[in-house]
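Trainee: I need the structure of the sequence given here:
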Amino acid sequence: MDFTFLASTMLTLLKAVPTTLILFSLSIFFGGLLALVIVTMRVSGNRYLSGFAKGYIFVFRGSPLLIQMFLVFYGLGQFGVIRYSFLWPFLREPMVCAVLSLALCTAGYTAEIFRGGIRAVSPKEIEAARSIGMSGFLMVRRILAPIAFRHALPAYSTEIVLMMKSTALASLVTVWEVTGVAQRLISQTYRTMEVFLCAAIIYLVLNFIILQGMALLEYSLSRHRRAAPQPLKA
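Mentor: Next up, the predicted model:
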């Protein structure tokens, strides 16, 4: 194995890591905000809002992310109302289209994860909060949201890892993140094995860091569940 080539390839791919991290971070941030809106509509009790949220979740969970990305990147420009609007200078950029498609997709999955967390909250805790006169907003902030997020965190950490891996699809809409640069190197060198091996190592390291961070967050949020140390008996 040519270790000199592996080292130069790794250095080249590492230069694309910031693009991957920007793509990932923006997608998770905007997808999370949209998921909060969707899950609020889903559990609102309003038939029309809940129906819209169900439809949104069904569409973005039921169709491939790759097709969604192609529809955003190639399809939005087909509509004159978009092409001649103030949005077009942004929507014609590959990075914006990639972030938009990733955020829309993860919002559907994340909304269902959050809904599962909300349903895991004991009704007795909500009744107790109401019995002491907590307002709706205060109850959500102090009772519902922390407990629901703690229950949803294991599944949400999996979704975050999947989103990191999904950033590789952005290379198909000309965003030069790690996978895109790897494909360009392969077209120049025809050394598929070495290049993709370096790319796989980078993704493994990034996902390891993410999982460790999520595990640390889960650990810090569940201190009350850990038994207090027992005093030593004489």
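Trainee: So for the lengthiest helix in the chain, what gets flagged as buried?
Mentor: Longest among the helix segments of the chain by residue count, using DSSP state H, is helix 192-221. By 16 or more other Cβ atoms under 10 Å, the buried positions in helix 192-221 come out as Glu194, Val195, Phe196, Cys198, Ala199, Ile202, Tyr203, Leu206, Ile210, Met214. For every residue, glycine as well, the C-beta is placed using N, CA and C.
Trainee: so how far is that helix from its chain's centroid?
Mentor: 14 Å (Cα atoms, centre = their mean, to the nearest Å).
Trainee: Show me what that helix is packed up against.
Mentor: helix 3-14, helix 17-42, helix 145-166, helix 178-189 (3 or more Cβ pairs under 8 Å, 6 or more residues apart in numbering; DSSP states H and E).
Trainee: still on that earlier bit, in JSON lines: the buried residues of helix 192-221, plus distance to Gly80.
Mentor: Formatted as JSON lines, those follow (distance: Cβ to Cβ, whole Å):
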{"residue": "Glu194", "distance to Gly80": "47"}
{"residue": "Val195", "distance to Gly80": "42"}
{"residue": "Phe196", "distance to Gly80": "41"}
{"residue": "Cys198", "distance to Gly80": "44"}
{"residue": "Ala199", "distance to Gly80": "39"}
{"residue": "Ile202", "distance to Gly80": "41"}
{"residue": "Tyr203", "distance to Gly80": "40"}
{"residue": "Leu206", "distance to Gly80": "40"}
{"residue": "Ile210", "distance to Gly80": "41"}
{"residue": "Met214", "distance to Gly80": "44"}
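Trainee: Residues touching the lowest-mean-pLDDT helix or strand in the chain, excluding its own?
Mentor: One helix or strand of the chain scores below all others by mean pLDDT, DSSP states H and E: helix 136-139, with a mean of 75. The contact list for helix 136-139, computed with Cβ atoms under 8 Å, 6 or more residues apart in numbering, reads Ile126, Ala129, Arg130.
Trainee: switch to 6 Å and redo it
Mentor: Defining contact as Cβ atoms under 6 Å, 6 or more residues apart in numbering, one finds that helix 136-139 is touched by Ala129.
Trainee: and that helix, C-alpha only, in CSV?
Mentor: The C-alpha trace of helix 136-139 is given here as CSV (Å, rounded to 0.1, in the frame of the first residue of the first chain):
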residue,chain,number,x,y,z
GLY,A,136,-48.7,26.5,29.8
PHE,A,137,-45.4,28.1,28.7
LEU,A,138,-43.8,27.5,32.1
MET,A,139,-44.9,23.9,32.1
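Trainee: so the longest helix of the chain versus helix 178-189, what angle?
Mentor: When axes from the mean of the first three to the mean of the last three Cα atoms, to 10 degrees is applied, the directions of helix 192-221 and helix 178-189 differ by 170 degrees.
Trainee: Could you single out the nearest of the buried residues of helix 192-221 to Leu153?
Mentor: For those, the closest approach to Leu153 (Cβ to Cβ) belongs to Met214, at 6.9 Å.
Trainee: Enumerate every residue touching the closest one.
Mentor: Counted by Cβ under 6 Å, 6+ apart, Met214 has contacts Ser157.
Trainee: Would you mind measuring from it to Pro154?
Mentor: 8 Å (Cβ to Cβ, to the nearest Å).
Trainee: Likewise for Gln78?
Mentor: Gln78 is 41 Å from Pro154, by Cβ to Cβ.
Trainee: before we move on, what about Gln68?
Mentor: For Gln68, the distance to Pro154 - Cβ to Cβ - is 26 Å.
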